[in-house]
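Participant: Sequence below, structure please.
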Amino acid sequence: MNFQFTLGNPKIRTTCYWAIVVFAALLRVLSLDRVPLGFWYDEAFYSLNALSIGRNHWPIFFVLDGHPAEPLFIYSLAAFFKLFGSTVFVARLHSAVWGTALVALMYPFAKRVVGERWALLACLVTAVFRWPLHFSRTVFRAILPPVFVLLVVIFFLRWREKRRLSDAVLCGASMGAGLYTYLSFRLVPLLWLGWVAWLWWRGEIRWRHDWRGLATIVFTCLIVFAPLGWDYLRNPMHFTGRMDEVSMFRKNVEIRQPDGSIKTEVLPKTPGEVVRDLASNAWAIVKMWTIRGDHVARHNLPHEPVFDWASGIVFYFGFVWCLWQAGRNEFAFLLPWWVVVFSLASVFSFGAPNILRMQGMIPAVVVIYVLGLRTLYELAVHWLRQPVRVLLISSLVVLFLVLQLDSYFRRFAQSPEMRREFLYDTFYKPALQVRGIAPQVNSVYVPADLGHHLTFRFLTHEVQNLQYYTVDADLPTTAPRHFAIVTTVPTISAAQERGRDLLAWLRRLRAEHHSTVPILVESATGTTEVPWTEVWVVR
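Facilitator: Numbers count the residues shown, from 1 in each chain. Reported below is the predicted structural model:
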């Protein structure tokens with residue numbers, strides 16, 4: 001058989017598809033123990049919750065240290081821990097699997113929008129796009145909404161194509177299951193209802209013929225969601241708790257009490273303040289594409305926009321094309337609507353633009369970018385020959401790939417802000433330090449403020465001989481010898497404020513200095529390292 005090595009050949013397309021998926025998986029595990037460096041509090045929060053499952057503890061909702069979290073990501077992580085062990089690498093490998101699934105699911109969606117050949121490009125763009133790539137390498141439950149919203153969209157499209165009730169059931173089940181993932185997924189019913197309304201307006205859905213399929217989707221969604229919904233009825237704070245924490249409708253106000261003390265109270269904002277702050281958030285989201293991005297180093301290289309200017313112009317071109325065609329093209333309506341709906345997750349919460357909360361829009365953003373490339377390619381037919389058009393589009397794609405990977409694996413990886421945000425020096429390295437000394441001594445005494453931090457707790461959860469101390473309590477002078485004591489700069493300072501010299505006490509015990517973990521400190525002369533935690537051994 002004569003095979004033509006072009007993407008027009010189904011076998012070649014299939015091979016390219018799986019090659020891209022494998023490439024995406026490799027990018028998500030490459031240097032996974034070093035990029036990002038450290039382990040953030042929220043990552044430890046999910047990991048400790050996953051370790052808590054079992055032994056008659058099977059919660060429908062998680063609240064550790066007062067922080068609410070939906071259960072699907074945590075149960076999935078618990079299964080990974082059961083299979084492969086409870087380490088930082090395994091926790092992040094679990095996210096890498098979900099991130100690779102997102103890349104794989106892009107093809108069946110994108111091929112309906114831009115065609116099979118361009119859909120392969122959409123998969124490749126998703127594979128290297130810094131936004132989904134980063135969250136595929138960290139332990140945040142917000143990785144799940146783009147996966148489940150894609151499932152909702154794909155199954156709804158399949159139902160529309162063949163009107164099979166099985167696809168309606170799968171669409172509704174995906175929507176219901178998605179509500180177990182992350183707060184922003186609550187916007188998906190709004191996304192779906194707006195889509196259905198457009199289809200009804202265009203006459204592509206008729207209630208008389210399609211009400212059974214639509215009702216099946218809604219009913220299945222409600223059935224799957226029912227256990228979580230029942231928990232929300234019994235525990236309203238599980239539903240509203242996180243929304244109240246990040247709400248743009250409240251403000252913290254310092255109020256002076258009659259005794260002269262200052263008390264902070266949470267009060268509702270005035271209507272004028274709400275309008276001003278929501279408009280400011282919306283403008284921040286508009287600027288995030290090419291001007292000024294998310295400032296949080298746990299999410300992004302601080303203030304780095306989503307796209308470089310060349311790729312951003314392609315994205316804007318695709319977005320404008322969608323707006324121009326939105327009245328007569330289904331996907332031209334759906335994609336901007338998708339972006340707008342998930343933008344609300346950051347518009348209505350503080351810290352905009354927050355790309356973690358808006359991850360559900362990633363599939364739409366990628367396809368809009370590819371639509372921009374395809375439209376440029378098609379328009380250039382009138383001015384450029386095909387080889388030149390291919391070279392132009394290829395150059396834009398290569399520029400995007402190089403800049404995205406360089407931004408993440410070089411610039412972000414070397415960023416001191418990232419190192420600080422992921423608690424590398426303050427909690428991650430001290431935990432490794434304790435794990436190293438613990439087998440050599442009878443007990444390891446750790447300051448309570450260090451030992452009770454979730455990052456430290458997860459990294460030392462298998463250490464059996466940990467003890468905690470505070471500067472207000474008696475120090476372990478009578479502990480069985482050979483033990484280790486960890487000191488930190490805050491612990492030494494707190495002891496001095498109470499008139500206790502912790503270092504002098506260690507000298508009286510003839511403690512031997514074992515090791516030091518430094519911390520990076522910014523000064524007028526640059527970045528320097530100073531001691532942060534020290535381990536002393538008393539024999």
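
Participant: right, and Val88 touches Asp33 too?
Facilitator: Yes: judged on C-beta atoms under 8 Å, Val88 makes contact with Asp33 at a distance of 7.2 Å. Heads up, the C-betas are built off the backbone N, CA and C, glycines and all.

Participant: more crowded one of those two?
Facilitator: Set Val88 next to Asp33 and count neighbours by other C-beta atoms under 10 Å: Val88 wins out with 21 against 10.

Participant: and Arg328, what are its phi and psi?
Facilitator: phi -130, psi -10 (degrees, to the nearest 10).

Participant: just Phe422 next, same as before
Facilitator: With angles defined as degrees, to the nearest 10, Phe422 sits at phi -90, psi 20.

Participant: Quick check: closest non-adjacent residue to it.
Facilitator: Excluding the flanking residues, the one nearest Phe422 by C-beta to C-beta, 6 or more residues apart in numbering is Gly38, at 3.0 Å.

Participant: quick one: low-confidence parts of this protein?
Facilitator: When residues are selected by pLDDT under 70, those of the chain lie in 1-8, 254, 256-257, 259-261, 263-264, 474-475, 477-479, 520-527.

Participant: residue boundaries of the strands in this structure?
Facilitator: Remark: strands assigned in the chain by DSSP state E are 62-64, 67-69, 250-256, 262-268, 443-447, 466-469, 483-488, 512-523, 526-538.

Participant: Would you indicate which residues of the longest one are buried?
Facilitator: Spelled out, that is strand 526-538. By 16 or more other C-beta atoms under 10 Å, the buried positions in strand 526-538 come out as Trp532, Thr533, Glu534, Val535, Trp536, Val537, Val538.

Participant: so Gly178 sits right up against Phe185, yeah?
Facilitator: Yes: here Gly178 reaches Phe185: they are 4.5 Å apart, a contact under C-beta under 8 Å.

Participant: what touches both of the two?
Facilitator: Both Gly178 and Phe185 are in contact with Leu144, Pro145, Phe148, Val149, where contact means C-beta atoms under 8 Å, 6 or more residues apart in numbering.

Participant: closest to Pro258 among the residues you listed?
Facilitator: Set against Pro258, the nearest of the shared contacts of Gly178 and Phe185 by C-beta to C-beta is Pro145 (47.7 Å).

Participant: Tally up the residues packed near the closest residue to that closest one other than its chain neighbours, please.
Facilitator: In space, and not counting its chain neighbours, Pro145 is closest to Gly360: 3.8 Å by C-beta to C-beta, 6+ apart. A count of neighbours around Gly360, defined by other C-beta under 10 Å, yields 29.

Participant: Run through who's touching stretch 339-351.
Facilitator: Contact with stretch 339-351 is made by 145, 183-184, 187-188, 190-191, 194, 246-249, 278, 281-282, 284-285, 295-296, 319, 352-355, 357-361, 364-365, 368, as judged by C-beta under 8 Å, 6+ apart.

Participant: residues touching Ala69, list them.
Facilitator: Ala69 touches Phe45, Tyr46, Asn49, Phe61, Phe62, Val63, Arg141, counting by C-beta under 8 Å, 6+ apart.

Participant: Could you turn the buried ones of those residues into a ChimeraX selection?
Facilitator: Per 16+ other C-beta under 10 Å, the buried members of the contacts of Ala69 correspond to this ChimeraX selection:
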select :45,46,49,61,62,141
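
Participant: got CSV for the contacts of Ala69, with distance to Glu497 too?
Facilitator: As requested, the contacts of Ala69 are exported to CSV (distance: C-beta to C-beta, whole Å):
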residue, distance to Glu497
Phe45, 30
Tyr46, 35
Asn49, 35
Phe61, 40
Phe62, 36
Val63, 34
Arg141, 39
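
Participant: just to revisit the earlier point, most neighbours among the shared contacts of Gly178 and Phe185, which one is it?
Facilitator: Neighbour counts for those, by other C-beta under 10 Å, peak at Val149, which reaches 31 neighbours.

Participant: I'd guessed that residue sits against Met358; true?
Facilitator: No: judged on C-beta under 8 Å, Val149 makes no contact with Met358 at a distance of 11.8 Å.

Participant: ok so, going back, widest-spaced pair of the buried residues of strand 526-538?
Facilitator: Pairwise distances among those were taken by C-beta to C-beta; the largest, 20.9 Å, belongs to Trp532 and Val538.

Participant: nearest to Tyr445, of the shared contacts of Gly178 and Phe185?
Facilitator: Ranked by distance to Tyr445 (C-beta to C-beta), the shared contacts of Gly178 and Phe185 are led by Leu144 at 39.6 Å.

Participant: Setting aside sequence neighbours, what's the nearest residue to the closest one?
Facilitator: Thr181 (3.8 Å).

Participant: repeat for Trp337
Facilitator: Gly194 (5.4 Å).

Participant: do Pro430 as well
Facilitator: Leaving aside its sequence neighbours, Pro430 sits nearest to Thr533 (C-beta to C-beta, 6+ apart; 4.3 Å).

Participant: Do I have it right that the one you found meets Val486?
Facilitator: Yes: at 5.9 Å, Thr533 counts as touching Val486 under the criterion of C-beta under 8 Å.

Participant: got any residues that touch both of these two?
Facilitator: Pro430, Gln433, Leu450.

Participant: From those, which land in helices?
Facilitator: Those of the shared contacts of Thr533 and Val486 mapping onto helices are Pro430, Gln433, Leu450, per DSSP state H.

Participant: Which single one of the residues you listed is nearest to Trp118?
Facilitator: Out of those, the member with the shortest distance to Trp118 (by C-beta to C-beta) is Pro430, at 49.3 Å.

Participant: And for that closest one, the neighbour number?
Facilitator: With other C-beta under 10 Å as criterion, Pro430 counts 29.

Participant: Identify the residues contacting it.
Facilitator: Leu450, Phe456, Val486, Thr488, Val517, Trp532, Thr533.

Participant: what do you get if the cut-off is 7 Å, keeping everything else the same?
Facilitator: Under the criterion of C-beta atoms under 7 Å, 6 or more residues apart in numbering, the neighbours of Pro430 are Leu450, Phe456, Val486, Val517, Thr533.

Participant: returning to that earlier point: right, and the residue nearest to Phe422 touches Leu423 too?
Facilitator: Yes: using C-beta atoms under 7 Å as the test, Gly38 is close enough to Leu423 to be in contact (5.1 Å).

Participant: Specify which residue of these two has the higher count of neighbours.
Facilitator: Leu423 (24 against 21).

Participant: I figured that one hits Asp42, correct?
Facilitator: No: here Leu423 does not reach Asp42: they are 10.7 Å apart, not a contact under C-beta under 7 Å.
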